[in-house]
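Asker: below are the sequence and a predicted model; questions follow.
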Amino acid sequence: MRVDSIEFGGATELISRWLPEFDAVRGGARARTVCAANVHMVMEAWDDASYRALVNRADLVLPDGQPMVWALRALGMPQRRRVRVSPDLLLRLFAEAERRGYSVGLYGGGDETLPVFKSVLAERFPCLRVGFAYAPPFRPLTPEEDEQVIGRIAASGVQLLLVGLGCPKQERWMDDHRDRLSCVMMGVGAAFDLLGGRTKEAPRWTRDIGLEWAYRLMQEPRRLWRRHAKHDPRFVALLAWQVARRGSKRRSPDCR
């Protein structure tokens, strides 16, 4: 699975440069998609070729998790730090959207979480335009419902649409709708819960040494333990195999 070697400043600049492409007056531009890569996403991509393909055709795949930084370094990429989407990158993008008058849309969260998140945004960014907000039900939408929601998003003229459905659902949703929308779509996982105060942010020291997952696991053990038990050991083993294979190829003699 592709993970782009890009730093925080470069990611902020690139996404900010894309937003004017989706001026509500001009419209018409095909949506861009941004994925936030972590161990969960990598292993979902390993297990499912169709999911791997849609992540690989995204416009930007950010190294969101600290293990992504370690993996990129091990594979020879000069990655210094992770691009932490929530809250760091989102707060920077909210400030940029407020300054330049861009409209933001919210798709995901729950009926209780989304209003709280909107109120937090209104308090921290009083001039930020939130043109669309919708918490979908915990079931697949009917084709008619989906058409109505897409029509509302398109009519709102949002330039940045945050999709918080969780991995892998949010990446599939973005890929399915990228030809029908004109905006930057970004998969943000549990960002609505985090920024809305439903879940607590991990202490910085855990983030710096790659243990944020452990902090989150302690907060939500019943929801997360199966994911970590299934994915984490395989990720470590497969990355070690990939690094070893890369080193073996480097040592192979040139027999031309």
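Answerer: The structure has been received and is ready for your questions.
Asker: tell me where the stretch 1-150 of the chain has strands.
Answerer: Assigned by DSSP state E, counting those that start in this stretch, the strands in the stretch 1-150 of the chain fall at 32-37, 60-63, 103-108, 129-134.
Asker: show me what the first one is packed up against.
Answerer: Looking back up the chat, that one is strand 32-37. Contact here means 3 or more C-beta pairs under 8 Å, 6 or more residues apart in numbering; DSSP states H and E; on that basis strand 32-37 packs against strand 60-63, helix 169-177, strand 184-187. (C-beta placed from N, C-alpha, C; glycine too.)
Asker: got TSV for the ones you listed, with mean pLDDT and mean neighbour count too?
Answerer: Shown next, in TSV, are those (pLDDT from 0 to 100; neighbours: other C-beta atoms under 10 Å):
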stretch	mean pLDDT	mean neighbour count
strand 60-63	98	23
helix 169-177	97	19
strand 184-187	98	28
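Asker: need the ones you listed in CSV with distance to residue 235, can you?
Answerer: Converted to CSV, the helices and strands packed on strand 32-37 look like this (distance: least, C-beta to C-beta, whole Å):
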stretch, distance to residue 235
strand 60-63, 14
helix 169-177, 18
strand 184-187, 19
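Asker: ok, which of these comes nearest residue 211?
Answerer: Nearest of those to residue 211, taken as C-beta to C-beta: strand 60-63 at 16.9 Å.
Asker: partner strands of that closest one and their direction?
Answerer: Applying DSSP bridges to the sheet, strand 60-63 is found paired with strand 32-37 (parallel).
Asker: tell me the confidence at residue 247?
Answerer: We have a pLDDT of 79 for residue 247.
Asker: hang on, the earlier thing: between the helices and strands packed on strand 32-37, which gets nearest to residue 89?
Answerer: Residue 89 lies closest to strand 60-63 among the helices and strands packed on strand 32-37, at 7.7 Å (C-beta to C-beta).
Asker: how far does that closest one sit from its chain's centre?
Answerer: With C-alpha atoms, centre = their mean, to the nearest Å as the basis, strand 60-63 stands 8 Å off its chain's centre.
Asker: what's next to that strand, contact-wise?
Answerer: 1-6, 11, 14-15, 32-37, 55, 69, 72, 79, 82-83, 85, 89 (C-beta atoms under 8 Å, 6 or more residues apart in numbering).
Asker: let's see it at 7 Å
Answerer: The contact list for strand 60-63 (C-beta atoms under 7 Å, 6 or more residues apart in numbering) reads 2-4, 6, 11, 14, 34-37, 55, 69, 72, 79, 82-83, 85.
Asker: among the strands of the stretch 1-150 of the chain, which is nearest residue 174?
Answerer: Nearest of the strands of the stretch 1-150 of the chain (C-beta to C-beta): strand 32-37, 4.6 Å.
Asker: could you check the angle the closest one makes with helix 169-177?
Answerer: Interaxial angle of strand 32-37 relative to helix 169-177 (axes from the mean of the first three to the mean of the last three C-alpha atoms, to 10 degrees): 160 degrees.
Asker: export strand 32-37 to PDB, keeping only CA atoms.
Answerer: The C-alpha trace of strand 32-37 is given here as PDB (Å, rounded to 0.1, in the frame of the first residue of the first chain):
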ATOM      1  CA  ARG A  32      -9.700  14.900  -4.400                       C
ATOM      2  CA  THR A  33      -9.300  12.300  -1.700                       C
ATOM      3  CA  VAL A  34      -7.000  12.300   1.300                       C
ATOM      4  CA  CYS A  35      -6.400   9.200   3.400                       C
ATOM      5  CA  ALA A  36      -4.700   9.000   6.900                       C
ATOM      6  CA  ALA A  37      -2.600   5.900   7.000                       C
END
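Asker: many thanks, we can stop here.
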